[in-house]
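K.L.:
Just need the structure, nothing else, for what follows:
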Amino acid sequence: MPKIVDHAVRRQELAAAVGRVIARDGVAEVSIRSVAAESGWSSGSMRHYFATRGELLAFACEQVIDQVTERITAMSPRGDVREAAFLILLETMPVDPPRRAEAEIAFSFLALGLGDPALAAVQKRHFAQMYDLCRQLATQVWPDRDGESAGRRLHAVVDGLTVHVLAGHLTVDEMMRQLEDYLKA
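P.N.:
Here you go, the predicted model:
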């Protein structure tokens, strides 16, 4: 009897392998070959799922978006609105190795999306969802301000702090203090 393959499970395994490669070696080292080696698959088997590195990275980014969304949805933060917003936003920021790998995947699309419309679409989804989250939080934190403008500023602060941590210009603790200070303003 032929083996029944659950393709959704296999794609999840590949997404996890991409995350491990990025956490260990960085986004630049993600390739069909490196992910195949990490997952224990052959490169030929990988090509049944992803024809190009771009498709593989797009899938990984989609998985990151879904994982972060699930984590935030499952949260029930306690405390005042600012504390809750702080905890929710930390789910999107590089505060530990898994979330750092997620941020590296997401931000790799800034450059990759410039030359590939399929990757640009994933980048647009990521930015739209992040802006929407920031807008929702901003209207709660600063109810007397214009929600769109406050949301755009909060999104810029979160992205800027994230980039600074990824680039090594801020430590995680410094990033967290800056975010906390911004939310208090």
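K.L.:
can you give me the strands for the protein?
P.N.:
For the chain, no strands turn up when DSSP state E is the criterion.
K.L.:
Mind jotting down where the helices sit in it?
P.N.:
Under the criterion DSSP state H, the chain contains helices at 7-25, 32-39, 43-46, 53-74, 81-90, 97-115, 117-141, 147-166, 172-184.
K.L.:
Which elements pack onto the fourth one?
P.N.:
The reference is to helix 53-74. Under the contact definition 3 or more C-beta pairs under 8 Å, 6 or more residues apart in numbering; DSSP states H and E, helix 53-74 sits against helix 7-25, helix 32-39, helix 97-115, helix 117-141. Just so you know, the C-beta spots here come from the backbone N, C-alpha and C atoms, and that holds for glycine as well.
K.L.:
on that earlier part again, columns mean pLDDT on top of the helices of the chain, output as a markdown table?
P.N.:
A markdown table is the format used below for the helices of the chain (pLDDT from 0 to 100):
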| stretch | mean pLDDT |
| --- | --- |
| helix 7-25 | 82 |
| helix 32-39 | 92 |
| helix 43-46 | 86 |
| helix 53-74 | 86 |
| helix 81-90 | 96 |
| helix 97-115 | 81 |
| helix 117-141 | 90 |
| helix 147-166 | 97 |
| helix 172-184 | 97 |
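K.L.:
Export those helices as CSV, with columns for mean neighbour count.
P.N.:
Shown next, in CSV, are the helices of the chain (neighbours: other C-beta atoms under 10 Å):
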stretch, mean neighbour count
helix 7-25, 17
helix 32-39, 19
helix 43-46, 14
helix 53-74, 17
helix 81-90, 18
helix 97-115, 19
helix 117-141, 17
helix 147-166, 18
helix 172-184, 15
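K.L.:
With distance to Glu83 added, can I get the helices and strands packed on helix 53-74 in JSON lines?
P.N.:
Shown next, in JSON lines, are the helices and strands packed on helix 53-74 (distance: least, C-beta to C-beta, whole Å):
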{"stretch": "helix 7-25", "distance to Glu83": "29"}
{"stretch": "helix 32-39", "distance to Glu83": "38"}
{"stretch": "helix 97-115", "distance to Glu83": "19"}
{"stretch": "helix 117-141", "distance to Glu83": "10"}
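K.L.:
of the ones you listed, which approaches Phe59 most closely?
P.N.:
helix 7-25 (6.5 Å; C-beta to C-beta).
K.L.:
So which residues make contact with that closest one?
P.N.:
Applying C-beta atoms under 8 Å, 6 or more residues apart in numbering, the external contacts of helix 7-25 come out as 29-30, 34-35, 38-39, 41, 46, 49-50, 56-57, 59-60, 63, 97-98, 100-102, 104-105.
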